[in-house]
Every structure is written in C-alpha cells, then in structure tokens.
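**Q** Model the structure of this input:
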Amino acid sequence: MQNTAHIGFGHVFHARARPQRHAFKYATYFLMLPMRSLSKSMQGSSTWQNNRAGLLSFFDSDHGDHRSVAQGGALAWLDELLHQHGIHDATGEAWLQTYPRVMGYTFKPVSFWYCHRAENDQGGALRAIVAEVNNTFGEKHCYLLDAPSYGENHFANKVFHVSPFNPVTGQYRFRFDQINSAQGAQVSATVDYFEAADAKEITPFLYGLMMNTATSPYLSATNATIPNTARYALQLLEKLQHGVLTVHFPDGSSRYFGDYHAQTTSSNPAHFNASITLHNWNVFSAALKSGDIGFAESYIAGDWTTPNLTELLKLLSSNRKAIDAMVFGTWYGRLLYRIKHLLNHNSRSNSRKNIHAHYDLGNAFYQLWLDKTMNYSGAWYEGDYTRPAEQAQTAKVQRALRMAGVNSGSRVLEIGCGWGALAEEATLEFKAQIVGVTLSTEQLDYANARMHKLGIATGHGQQADLRLQDYRDITDAPFDAICSIEMVEAVGQSYWPEYFKTVNKLLKPGGRACIQSIVIRDDLFERYAASTDFIQQYIFPGGCLPSPQKFREQAEQAGMQVVDAFAFGPDYAQTLREWRNAFLAQKEQVAKLGFDARFMHIWEFYLAYCEAAFDTGDINLMQFTLQKPE
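**A** Next up, the predicted model:
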C-alpha cells in the first residue's frame, strides 16, 4: 500500500449472545492514515481535512492523551507508549485506522494503530498493533499487541468497562487480516469478547475495504452474481461449529465462518484456523454433487488454493455433521464413482491391475521422498517425534516381528512384502527364513536386489524367497508366523473373509500373525463402506478400510483370536507430514520423471487428506496380533 491517506468503505458486524441475543450490520467508512508520512506534510485532501475543520476531518487531539500538533500530536504519544512497553524498533510507518470527525462531531469506539518496522528492518514488517478503545463514559484504554501477525489470533484480558451489559472480566480476542486484490487493499479487524466461564459473549466484528475512491461494499460476494449452489454451500458453512474458516471469494472479498470465540487451550486443542481462496465458484457445485471426491477434483483442477491444505481438511472433517451435504454429496453424484469402485473389486485379475496402478509408478518416484528403509507404511515413533524416520520405521517392523513370535529359525510369511524392509529385518536381525509375496513387479525387483546387496540368498528354499504371487495361491504352508503390513486395506470388503481364512489356513497351530492396518472409526464405517471416497477413486482402487470391530469379527469368524491390539494413529500423522514435506521438496525431481501438475495435485491432496484424517481421529493405525488355536 502506498504511504498516502485512504478512505475505506465496508461494513461493521455486531453480534451479542447475552443477555439478549442480537446482531446487526451496517455500512460504514473510515480513514486509513500513514501517520509518519502525514506528520511531514500535514496535508489533507479535497475529501477530508487534517487538523482543520471540515465536513470530514482528522484531529491528532482526538487520540492518545489529546496532544496538539505543536506537542507532537498523536504520533508522539504512540511512540512513548511503545517505548514504555519496550518496543523501540517500530520506527517505520504507523497506519491509523479510525473514524473521522463528521461536521466537527466525533465518534471513535475503537481505532487501530498498525506499527511497522523501518523498511531496512525485515522489509518494514508489522511490529505492534495498538487497539485504542473509548467507552461511553469518555474513558480510554489501549490494548497493545506485541509482535502480532496478520491472520493469527491474539488475546488480551479485559481491563476496561465498555458495555453496560458485560462485566470487566474475560478476554478479548483480536484478529487482523490484509488481502490485496484487484479491487484494492482489504483489511479486516475482528474483536471478540467472551467471558472466561463459558466463552459465550461476542462483541463487534469490524470489516473494511480501503481504497482511494468509493466502490462496492466489502462483502460484495453476497450480491446476485453468486450461483445458487454457492449460496446453499455458504449457508452450510454458517453452521461450522469448530474452528474458523476464512473464505476469499473470486471477486476479492472475504468472509469468516465458524466459532470465533473458542480459543486453542489444553482443553480445546483442536481449534482449527484455515483459509481457502476461490478462483471461481466451481468447488461448491462439485462438493455438493460428489462430496469429498468433488472437493478434491476441484482442487486438482486449480479451482481453489489454500496456504495449509491439511489444516483446511481437518477443519472440514471436524465439522462433518454441519456440512454433511458437502462431505458426502448426493447419491446420484456419487453413483458413477460407486459403480467404478465396485468394478475395481479385488479378484485375482483385478488385484494385479489395482496394485500396478499405485505401486508400479516407478521405484525412482518413491525413492525421492520415502526414507532409506523404503517403508511405505506408518512408522512407530514411541512418543518421540524428533526421532529419525528410519529408526521409527525399523521400530514398527521389529514390533510386528516380535508380536508374531518370530525367532531364529522361524519360517515367516509376509503378505505384501513391498520393497523388502521387513524381509531384511527378519533375515538379518531375527535370523528367520522368509517367504514374501507381492503383485508389484517394480517392488519385487527392488526387494530382490536389496537382498542380493545384503548377501542374503534368495529363491525357493533360500533364506529370502520373494515372489510375484497372489497370497491366495500360496501352497507351501504351514508358517510359524505371518506378518502383513497395511495390505488388508487393499483387499476390499467382499474379500475379507477369504483373506482371514487364508491367514488362518497358512499358520501352523498355535502360530501368530501380526497384521498392521489402517482402521476407520466404528461409528463411521457403515456409511463409508456403502459409499466411496477420494482415496478409493484416485489412490487405492478396490480398497476398503476395516473398522476395529469389523477386523475383530473377521479374524474371529476365520477361527483366530485377537490377543493384542496396539493403536498408534498419531504416529501415522507424523509419518505423513514427513512424507508430504519430502514430496513437496522434490516436486522438480518428480516432474523430471514425467509426472505432470495434475499428478502432483492428486498426491499432495492424498497425503494431506490422510494426515488430516489421522490427526482428527477419523482413522487410526493398529497392529493386531492374531493367534491360531493349538
């Protein structure tokens, strides 16, 4: 923004929850003044007067301790206030957002001072904000926010009486946002008041649009150009109960949705603060028609962007009940996706095709962002997220082998051997003999090369017998132990009975199997299983997550007992964070492998989607230990 004075136009929103629920909105205008630049020129404009009488005017003496221009004015008072609080580096521009005098009359319930560093100090970054509050009794108090950031929440205890309805207790929450668009620079200031006991009381929300000349109201996205589907979607967003969502509309305007007066505390750690920028209106019709699949496809198409995809997905997931129509879509909108999913069922022929679709993207692709162990499954950090990923992955594998009862000389079967990480651990550390099966030629080639490099004999009857084979075709039973790391999810619900019966058949009496599986919450399973989602359509065709209850039922119906169930879902969220960060850091290298921008968007959405689901607890990661009766 240029260091010239502006007149802003916008709206004031006010809502009160008690003692009488009330809300209103009105159009307004205000001054946005660069006080340091203004103090040098002392000039107003044809629209407003600076320290002189006029239709619209600004007087220094209306602010601070009422100093006149001769005494240094409001700017001198501001600098003293900042120095008193140990802030000596706010020497750049000081922008004042305030109401002007109108025909000599003044009404200034609150003014905001945005105090910046010098241009040669961090590029003139914001250093402090002062909220200058006046009440109806002629009293004044200033709330100083030290080192604030745009787009974040800042808190201050209430110490000043403003409303006759509210006591001098509780807290204020301040939030300031700036958006630059073709219409001009937009600024919004949000002030919430809530009592400490129940966080119910809300005070005004102030919004404005700064520009040199008059234009349309700030929330111009409420005009008649909005498609009907978007109008309905916005009505759903008004029901958000958890977190705050900022929506930046295609015309450059913005709007907030959600629970403004909840703060992140130890008792409320899941207060999400997310934003989404719409480049067109397509996302609403896509989501209302096809739920999360349509929402994802709209992202893949570039219809919207967000600075924090995982945070946005967590917020939406936490508000599933409120925005049900956008999460699940319509039955007809998902019908074709459901049919496609059912056609991807994991018969013997389809299984090879489905595995090829995901795992045969090329070993070079996965090597770019997986850790050195080449484990493409959740790690176990044992409570220490500073632990290197390689150690956490090895800990996961070792636990699975221990729980399966693997010892020196044990004959072990791994269903879904991947790139050979568990086979390496079983042979080198546990001195076991292993048979591993996979349907991915890329993985098998890598795993066999890995064994050869380690000096481990491979082939039929050798220490490591790794095969391109469907687990249902294994005939050389029995095995002392079976391990299967995140393979059961790819089987598909209709094939679960066959999977568990096969595990039971291949185990020796008294033998154990450790099966690591992603699971979905029991209360979400029925609706999930009756539909289809983004993961099933784009990442794992034919797959289906069991719930803990369904897993137990299938194991018991196959004749095995669940003797241990270990959950470590948050560790998978951490694993996914590391994968996503590594993937994004390697985007240029991924592109060199021949993958286009659409592929990148799909994978970025996939990794963030799963991370959000683990973080919110919608899905979990479990190692189930099963035992076959003697």
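
**Q** Now do the closest residue to residue 242 other than its chain neighbours: how many residues are near it, please.
**A** Nearest residue to residue 242, sequence neighbours excluded (Cβ to Cβ, 6 or more residues apart in numbering): residue 318, at 4.3 Å. For glycine as for every other residue, the C-beta is placed from the backbone atoms N, C-alpha and C. Other residues lying near residue 318 total 21 when counted by other Cβ atoms under 10 Å.

**Q** State the distance from the residue of the chain most remote from its centre to residue 422.
**A** Relative to the C-alpha centroid of the chain, counting by Cα atoms, centre = their mean, residue 70 is the outermost residue, at 52.3 Å. As for residue 70, its distance to residue 422 is 81 Å (criterion: Cβ to Cβ, to the nearest Å).

**Q** gap between the two ends of stretch 76-95?
**A** 14 Å (Cα to Cα, to the nearest Å).

**Q** same thing with stretch 86-93?
**A** 18 Å.

**Q** Okay, buried residues for it please.
**A** Burial within stretch 86-93, assessed by neighbour count using 16 or more other Cβ atoms under 10 Å, is assigned to 87, 90-93.

**Q** Can you convert these into a markdown table and add a column each for pLDDT?
**A** A markdown table is the format used below for these (pLDDT from 0 to 100):
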| residue | pLDDT |
| --- | --- |
| 87 | 95 |
| 90 | 96 |
| 91 | 95 |
| 92 | 94 |
| 93 | 94 |
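
**Q** So what sits opposite residue 155 in the bridge?
**A** residue 173 (DSSP bridges).

**Q** For residue 78, see how far away it is.
**A** Relative to residue 78, residue 155 is positioned 22 Å away (Cβ to Cβ).

**Q** Which of the two has more residues huddled nearby?
**A** Using other Cβ under 10 Å, the more surrounded residue of residue 155 and residue 78 is residue 78, with 24 against 12.

**Q** ok, the more buried one touching residue 64?
**A** Yes: look at residue 78 against residue 64 with Cβ atoms under 8 Å: they come within range, at 6.5 Å.

**Q** before we move on, back to that, and the residue farthest from the centre of the chain, helix, strand or coil?
**A** Of the three states, residue 70 takes helix under DSSP: H, G, I helix; E, B strand; the rest coil.

**Q** Check residue 277 too.
**A** Residue 277 ends up strand, using three-state DSSP.

**Q** what bridges to the closest residue to it other than its chain neighbours?
**A** Leaving aside its sequence neighbours, residue 277 sits nearest to residue 248 (Cβ to Cβ, 6+ apart; 4.3 Å). Beta-bridge pairing for residue 248 (DSSP bridges): residue 254, residue 277.

**Q** State the distance from residue 248 to residue 186.
**A** 9 Å.

**Q** that older thread, can you pull the contacts of the residue nearest to residue 242?
**A** 242-243, 270, 272, 616 (Cβ atoms under 8 Å, 6 or more residues apart in numbering).

**Q** Kindly confirm my reading that residue 87 forms part of a helix.
**A** No: per three-state DSSP, residue 87 lies outside any helix segment and is coil.

**Q** doesn't residue 545 make contact with residue 528?
**A** Yes: using Cβ under 8 Å, residue 528 makes contact with residue 545 at a distance of 7.2 Å.

**Q** Which neighbours do those two have in common?
**A** residue 520.

**Q** between these two, who's got more neighbours?
**A** Just comparing residue 528 and residue 545: by other Cβ under 10 Å the higher neighbour count belongs to residue 545, 26 against 18.

**Q** is it true that that one lies in a strand?
**A** No: using three-state DSSP, the secondary structure at residue 545 is coil, not a strand.

**Q** in the stretch 201-350 of the chain, which segments are predicted with low confidence?
**A** Low-confidence segments of the stretch 201-350 of the chain, defined by pLDDT under 70: 201-225, 260-271, 325-350.

**Q** Strands along that one, start to end?
**A** Under the criterion DSSP state E, counting those that start in this stretch, the stretch 201-350 of the chain contains strands at 205-211, 244-248, 254-258, 273-278, 304-305.

**Q** Any quick ChimeraX command for the buried ones out of the contacts of residue 318?
**A** Those of those that count as buried under 16+ other Cβ under 10 Å are selected in ChimeraX with:
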select :242,243,272,616
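
**Q** State the pair within the contacts of residue 318 that is farthest apart.
**A** Taking Cβ to Cβ, the two most distant members of the contacts of residue 318 are 243 and 616; they sit 10.9 Å apart.

**Q** Go ahead and confirm residue 552 touches residue 564.
**A** No: counting by Cβ under 8 Å, residue 552 does not reach residue 564; the two are 11.8 Å apart.

**Q** The two: which is more packed in?
**A** More crowded of residue 552 and residue 564, by other Cβ under 10 Å: residue 552, with 17 against 13.

**Q** what's the pLDDT at the more buried one?
**A** Note for residue 552: predicted pLDDT of 98.

**Q** Show the subsequent helix or strand relative to the helix or strand hosting it.
**A** Using DSSP states H and E, residue 552 maps to helix 548-557. Using DSSP H and E, the helix or strand that follows helix 548-557 towards the C-terminus is strand 561-567.

**Q** That next one pairs with which strands, parallel or anti?
**A** Sheet pairing for strand 561-567, using DSSP bridges, gives strand 619-627 (antiparallel).
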